[in-house]
Each structure stands twice: as C-alpha cells, then as structure tokens.
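# fold the following and give me the result.
(one chain, ligands or ions: 2)
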Amino acid sequence: MSGAMQGADTTLRTEGLTKRWGAFVANSEVSLSFAPGARHALIGPNGAGKTTFINLLTGGFAPSSGKVWFGGDDITALPQHERVKRGMTRTFQINTLFAGLTVLESVALAIQERRGMQYKWHQTVAQQSDVIDEAMALLASLKLEDEANSITRSLAYGKQRLVEIALALATKPKVLLLDEPAAGIPSAESKELFEVIAQLPRDVTVVFIEHDMGLVFRFAERITVLVGGKVLVEGTPAEIAADKRVREVYLGEAEHE
Ligand SMILES: Nc1ncnc2c1ncn2[C@@H]1O[C@H](COP(=O)(O)OP(=O)(O)OP(=O)(O)O)[C@@H](O)[C@H]1O
Ligand SMILES: [Mg+2]
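Ligands and ions are numbered 1, 2, ... in the order given. Predicted structure coming up:
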C-alpha cells in the first residue's frame, strides 16, 4: 500500500540500486527519484556507471541489490517488455530492417505493434488510416513530417536519431530514457535534436545522459552527477554549476585529454 501512495507523486525511483560484476562495482547504492514530467540529466565521467544505471532501469541488467519502483510498483523483477508496456522505454539504434523502410512505415509499424495488431494487408482502411494519422501526428511533433516518405537510412544522422525517438514514443511512454541521443552527430544538429526533445509533451518524463555540458545546462532542469558508480551530487543546473566537487571531477577529466 505504501508503495502505491509513493507512486502518486513519483513516476520512477530507485532504492539502493547496486550492480556488481565480480568484485567490480559499476553502480553503488544509487537512490534517485525522477519527478513526473522532469527533464533530468545524468552526467559523469566515462565509466561512471550511467549506461549501467539506465540498463538497470529498463531491465537490461538485473541489479545485484536494490530496487526499482515505477508508478508505485516494485518492478525490479519485471522483464524489459513488461516495463515497456507499463510506459518506460529507451531508444534503440535503428536496425537494418527499419533502416530500409520509410520513416512513416517504421513509425506506423511501431504503433501497430503497440496496439497489438499484426501487419495485415486486409486490415480495414479505417484501421490503417487511424495508424497513419497517429504516425503523422507523431512525426509532426518531432518536425519529421517532411521526411515521412524518405528511407530512414538515407537521412542525416541527426534525423535518424529523431526517428529512433519517434519509434520509442510510438510505445506511448511515461518515461523516455535517452543514452547520449546526440552522440556522433554534428553540434548544430544536436542542438536541434535537443530542442525537439525539450518540446516533448510534459506527460513524458525524460531522463538523458549527455556529455556536452552546453546541452546539459541548457536543457536539463535537474542534474544528477554519477562518479565511480555513486551519486556525487544532485540538484538544479545552478546548484550543479556552483558545486566545487563537480568542478573538480570535470577539471580532473579535462586534464587527461
Ligand atoms: N557487461 C559488463 N560487464 C562488466 N563490466 C561492465 C559491463 N558493462 C559495463 N561495465 C563496466 O562498468 C563501468 C561503467 O560502465 P558504463 O557503461 O555504465 O559507464 P558510463 O558512465 O555509461 O560511461 P560512458 O560515459 O563512457 O558511456 C565501466 O568500467 C564498464 O567497463
Ligand atoms: Mg555510457
């Protein structure tokens, strides 16, 4: 019962989440809350355990100890697809199958998958047009409508990353997890990508990992700094920018480059 009460004000939270591989501790006692609708960045040096944490949230990895709560329920033991059904999703790189389809076809397939329909040519026209309408609305919200009939793999990388986000949004998530969504794309495009992410509806909580501090401080409302698998500090961008320990971590990192 108490879990259900807690779920009323918190979409997603972890409690003492720990992941070990042998003697190596990748995440240690990570307890975090992600407020509904938050734009929450996870930052930290390479190897800090950020991706590991996302995998513990999605069910990609089982924790060594600790718990994951979502909407008031303990979901620590739930398989990945069940978490997606409940509304937690992450982006995946477009696979070769999807890359050869048009953007509209890919997103329509993802919507049909969520609706539990098989792709059938003899579907009623009404069912099909309903899916196409939803797909086009989603593409419009991501400023991808001009690309609807382009083959995904022919698009610029920034647009391909947006298609990955569209495919994740097709599952109607409450929480969207983005692990370096702008990795490998030119900085002008990454700013555009984050502008689109920032405009996602407020009923979607966005948790993102990003190394570009310009983007982090511009788009995050809350920042958690992970170092050595542990939470170093969490706060508003202003609090994080003023934190001496955070500066030490990043100055320390800069010296190695
Ligand atoms: N499957 C695994 N088996 C063993 N060790 C792993 C595994 N996955 C990650 N690690 C180790 O856990 C540590 C944290 O890795 P993780 O990928 O979570 O870091 P990160 O913060 O995402 O780093 P980056 O910013 O470089 O992406 C690293 O030292 C990594 O080598
Ligand atoms: Mg990573």
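# tell me the pLDDT of the closest residue to ligand 2 within the stretch 51-200 of the chain.
Using Cβ to the ion, the closest approach of the stretch 51-200 of the chain to ligand 2 is made by residue 51 at 3.1 Å. C-beta coordinates here come from the backbone N, C-alpha and C atoms, glycine included. pLDDT for residue 51: 96.
# just use 37 as the starting number from now, easier for me
Happy to do that; since the first residue is 37 now, the last one works out to residue 87.
# then the helix or strand harbouring it to PDB, C-alphas only?
Per DSSP states H and E, residue 87 falls inside helix 86-94. Written as PDB, here are the backbone C-alpha positions of helix 86-94 (Å, rounded to 0.1, in the frame of the first residue of the first chain):
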ATOM      1  CA  LYS A  86      25.500   6.000 -16.300                       C
ATOM      2  CA  THR A  87      24.600   3.400 -19.000                       C
ATOM      3  CA  THR A  88      24.700   0.700 -16.400                       C
ATOM      4  CA  PHE A  89      22.100   2.600 -14.400                       C
ATOM      5  CA  ILE A  90      19.800   3.000 -17.500                       C
ATOM      6  CA  ASN A  91      20.100  -0.700 -18.100                       C
ATOM      7  CA  LEU A  92      19.100  -1.400 -14.500                       C
ATOM      8  CA  LEU A  93      16.000   0.800 -15.000                       C
ATOM      9  CA  THR A  94      15.000  -0.900 -18.300                       C
END
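# residues making contact with that helix?
Residues outside helix 86-94 that contact it (Cβ atoms under 8 Å, 6 or more residues apart in numbering): 48, 50, 53, 55, 62-63, 66, 78-80, 96-99, 104, 116, 119, 124-126, 213, 215, 243, 245, 262, 265.
# which of those residues fall in helices?
Mapping these onto helices (DSSP state H) picks out 116, 119.
# bridging residues for the residue nearest in space to the middle of the chain?
With distances taken as Cα atoms, centre = their mean, residue 213 lies nearest the centre of the chain, 1.4 Å away. Beta bridges link residue 213 to residue 126, residue 243, judged by DSSP bridges.
# which residues sit against the longest helix seen in the chain?
Looking across the chain with DSSP H, the single longest helix is helix 161-177. Identification of contacts with helix 161-177 by Cβ under 8 Å, 6+ apart yields 139-140, 143-144, 147-148, 151, 153, 181, 183-184, 202, 205-206, 235-237.
# near ligand 2, from the residues you listed?
Residues of the contacts of helix 161-177 in contact with ligand 2 (Cβ under 5 Å from the ion): none.
# among these, name the buried ones.
Those of the contacts of helix 161-177 that meet the buried threshold are 139, 140, 143, 144, 147, 148, 183, 184, 202, 205, 206, 236, by 16 or more other Cβ atoms under 10 Å.
# ok, of those residues, which one's closest to residue 110?
Minimum distance to residue 110 across those is 26.1 Å, recorded for residue 205 (Cβ to Cβ).
# residue contacts, that closest one?
Applying Cβ under 8 Å, 6+ apart, one finds that residue 205 lies in contact with 174, 178, 212, 236, 240.
# residues in contact with the second one?
Right, the one you point to is residue 178. Each residue near residue 178 by Cβ under 8 Å, 6+ apart is listed here: 198, 201, 202, 205, 232.
# narrow the residues you listed to those in helices?
Per DSSP H, these map to helices at 198, 201, 202, 205, 232.
# using CSV, lay out the contacts of residue 178 together with pLDDT.
Listed next are these as CSV, based on pLDDT from 0 to 100:
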residue, pLDDT
198, 93
201, 94
202, 95
205, 94
232, 91
